[in-house]
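**Q** next come a sequence and a model predicted from it.
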Amino acid sequence: MVKGKTKARRRLLPMFPEVYRTLKARYEAQNRPADGWVFPAGSISGHLEESTAKIQHGDALKKLAAAKEAIDQWENDGSNGSWQDAVEAKTKLSRDYITRHSEALKRA
């Protein structure tokens, strides 16, 4: 159904099938809510905002910088043991995080 508050807002928005399936799966996983946000957040507005993304991006950059420092130290110390162990010990990042982001961490 195409609807909106104004005539200009009434339009179809095409999307890739993968996007549709992802959004539909999220909707189903939330027990088909009648209203609310697709990606709720703990913000005052109840949804993701630009500032939320900036904070998350900043946190990710800090983690990458800390991991880069740990890898550099590991190399300077003779590369003993695995670089993943060195990153985990120095940064307190989880092994799962290190494994999932290993390519980015090595490139950092």
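**A** Noted; the coordinates are in hand.
**Q** just list the residues touching residue 30, thanks.
**A** Taking C-beta atoms under 8 Å, 6 or more residues apart in numbering as the definition of contact, the neighbours of residue 30 are residue 36. (Glycine included, C-beta is placed from N, CA and C.)
**Q** relative to residue 20, how far out is it?
**A** Computed with C-beta to C-beta, to the nearest Å, the distance linking residue 30 and residue 20 is 16 Å.
**Q** burial count for residue 107?
**A** The local packing of residue 107 (other C-beta atoms under 10 Å) involves 9 other residues.
**Q** measure it to residue 19 for me?
**A** Going from residue 107 to residue 19 by C-beta to C-beta gives 28 Å.
**Q** and for residue 9?
**A** The span separating residue 9 from residue 19 equals 20 Å under the rule C-beta to C-beta.
**Q** now the helices for the chain?
**A** Per DSSP state H, the chain has helices spanning 17-29, 50-76, 83-91, 95-100, 102-107. These are given in chain order.
**Q** mean pLDDT for the ones you listed: which is lowest?
**A** For those, the stretch scoring lowest in mean pLDDT is helix 102-107; its value is a mean of 76.
**Q** in that one, what counts as buried?
**A** residue 105 (16 or more other C-beta atoms under 10 Å).
**Q** hey, C-alpha coordinates of that helix in PDB?
**A** Output in PDB follows, covering the C-alpha atoms of helix 102-107 (Å, rounded to 0.1, in the frame of the first residue of the first chain):
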ATOM      1  CA  SER A 102      41.300 -10.000  11.700                       C
ATOM      2  CA  GLU A 103      41.800  -8.600   8.200                       C
ATOM      3  CA  ALA A 104      41.100  -5.000   9.300                       C
ATOM      4  CA  LEU A 105      43.300  -5.400  12.300                       C
ATOM      5  CA  LYS A 106      46.200  -6.700  10.300                       C
ATOM      6  CA  ARG A 107      45.700  -3.800   7.800                       C
END
